[in-house]
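Asks: dropping a prediction and its sequence here:
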Amino acid sequence: MPCPSLFLTHLVVLFCVLKHSVDSKSLQERQRQQMARGLPKQKPITGVKQIIVVASGKGGVGKSTTAVNLALGLSANDPSKSVGLLDADVYGPSIPKLMNLKGSPDLTDNNLMIPLMNYGILCMSMGFLVDDAAPIVWRGLMVMSAIEKLLRQVDWGELDFLVVDMPPGTGDVQLSISQNVPVAGAVIVSTPQDIALLDARRGAEMFNKVHVPVIGLVQNMSVFQCPNCLHQTHIFGSDGAKNLALSMGVHFLGDVPLHLSIRETSDSGKPVVVSAPDSAEVWAHLRPLGRQLPCPPPDDTGRAGVSRP
């Protein structure tokens, strides 16, 4: 027969283990509730119907060029729609150069910044507030404050679409925007090579975690066509983003070629959608991007329903 004292010891140990398990679960539940209460409540941007973010897992894949031509394509496809463009890349703002805009925004009587306009698109960027050559050397809290001002202290008027050019990666800015405003969906830009696709997947998974629908993937620099012999070369590989979209169950929004005219028009501040609207590159690749966004009117949460392919 087991020793009574040993039996009692086992009971005490078992009780302590069970109590610790229950306490741990209760603590986890309390922490979960506290975190949920601590999350910022999403608040729509006044006057803006739908927000579409253009993101990439890494820099240098043509995200800003895609965002600019997407905004212009939305406007060109339906001139009745009003479109705005927000440059959320605080450290490396590109929209002023791409949209050929200079100067500082004026203020309304309510001290709201008035966006600058070109090609019919309202634009706001940190690049309007600092000198071109001035580096922005800020810690995270200052960047978050700047993003809050760009989101809340701009008089957008009435917009059907606000296209947001996100910084590369999956950091504070992406989380702040996703948690503070209702985002209709995210467009992920990648080049075809494997190293870029790894980061593109991470970017898409981040948006899934914060409950932002991934509208689809754009494959930039998909093919180079020799201007002399017209031979096509897939310098960075082929169909990488298309296969990634298929594996993730999201839309593949199309290819954008590695073409001299797209680079030249971007550098000159005359995006190809407006400077060469009848070119093959525009009609075959860039204008269709706007038509493929599966964004019906948002529901009462401010998010659009995004269908799966």
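Replies: Now that the structure is in, tell me what you want to look at.
Asks: for the stretch 101-250 of the chain, what spans make up the helices?
Replies: 140-152, 172-180, 194-209, 240-248 (DSSP state H, counting those that start in this stretch).
Asks: tell me the phi and psi of Val223?
Replies: phi -160, psi 150 (degrees, to the nearest 10).
Asks: residues near it, how many?
Replies: Using other Cβ atoms under 10 Å, Val223 has 17 neighbouring residues. Using the backbone N, CA and C atoms, a C-beta is placed for each residue, glycine as well.
Asks: check contacts around it.
Replies: Contacts for Val223 were tallied using Cβ atoms under 8 Å, 6 or more residues apart in numbering; they are 232-235, 238, 255, 257-258.
Asks: that one and Gly237: what is the separation?
Replies: In this view, Val223 and Gly237 are 10 Å apart by Cβ to Cβ, to the nearest Å.
Asks: what does Phe128 give?
Replies: Phe128 is 37 Å from Gly237, by Cβ to Cβ.
Asks: more neighbours: those two, which one.
Replies: Neighbours per residue (other Cβ under 10 Å) separate Phe128 from Gly237, with Phe128 holding more: 19 against 16.
Asks: report the contact partners of that one.
Replies: Applying Cβ under 8 Å, 6+ apart, the residues near Phe128 are 96, 101, 103-105, 116.
Asks: how close does the residue lying closest to Leu175 once chain neighbours are set aside get to Pro182?
Replies: Excluding the flanking residues, the one nearest Leu175 by Cβ to Cβ, 6 or more residues apart in numbering is Val210, at 6.7 Å. According to Cβ to Cβ, Val210 stands 12 Å off from Pro182.
Asks: also Leu122?
Replies: Taken as Cβ to Cβ, the span from Leu122 to Pro182 is 19 Å.
Asks: pretty sure His259 is touching Gln225, no?
Replies: Yes - when contacts are counted by Cβ atoms under 8 Å, His259 is listed as touching Gln225 (7.3 Å).
Asks: okay, now the unreliable bits of the stretch 201-309 of the chain?
Replies: Applying pLDDT under 70 to the stretch 201-309 of the chain flags the ranges 280-309.
Asks: that one: strands as residue ranges?
Replies: For the stretch 201-309 of the chain, the strands defined by DSSP state E, counting those that start in this stretch cover 214-220, 224-225, 232-233, 251-256.
Asks: now swap in the stretch 51-200 of the chain and tell me
Replies: Here the stretch 51-200 of the chain has its strands, by DSSP E, counting those that start in this stretch, at 83-87, 116-118, 121-125, 159-165, 185-190.
Asks: who are the neighbours in contact with Gly84?
Replies: Residues near Gly84 by Cβ under 8 Å, 6+ apart: 48, 71, 115, 121-124, 156, 159, 161-163.
Asks: again, only this time at 10 Å
Replies: Gly84 makes contact with 45, 47-48, 51, 71, 115, 117, 121-124, 154, 156-164, according to Cβ atoms under 10 Å, 6 or more residues apart in numbering.
Asks: just the buried ones from those residues?
Replies: Listed as buried from the contacts of Gly84 are 45, 48, 51, 71, 115, 121-124, 154, 156, 159-164; burial here means 16 or more other Cβ atoms under 10 Å.
Asks: I figured Leu197 was touching Val189, is that so?
Replies: No - counting by Cβ atoms under 10 Å, Leu197 does not reach Val189; the two are 11.4 Å apart.
Asks: between those two, which one's more packed in?
Replies: Val189 (29 against 20).
Asks: could you measure from the more buried one over to Leu112?
Replies: With Cβ to Cβ as the criterion, Val189 and Leu112 are 30 Å apart.
Asks: same thing with Leu198?
Replies: Going from Leu198 to Leu112 by Cβ to Cβ gives 40 Å.
Asks: so what's Ile188 up against?
Replies: By Cβ under 10 Å, 6+ apart, Ile188 lies in contact with 53-57, 61, 63, 66, 166, 199-204, 207, 214-218, 241, 244-245, 248, 250, 253.
Asks: now with 8 Å, please.
Replies: 55-57, 200, 203-204, 207, 214, 216-218.
Asks: from those residues, pick the one nearest Gln174.
Replies: Ala55 (6.8 Å; Cβ to Cβ).
Asks: what about the closest residue to that closest one other than its chain neighbours, how many residues nearby?
Replies: Closest residue to Ala55 apart from its sequence neighbours, by Cβ to Cβ, 6+ apart: Met166 at 4.2 Å. By other Cβ under 10 Å, 27 other residues sit near Met166.
Asks: give me the number of residues near the nearest residue to Ser56 once chain neighbours are set aside?
Replies: Using Cβ to Cβ, 6+ apart and skipping residues adjacent in sequence, the residue nearest Ser56 is Lys63, 4.2 Å away. If you count neighbours by other Cβ under 10 Å, Lys63 ends up with 27.
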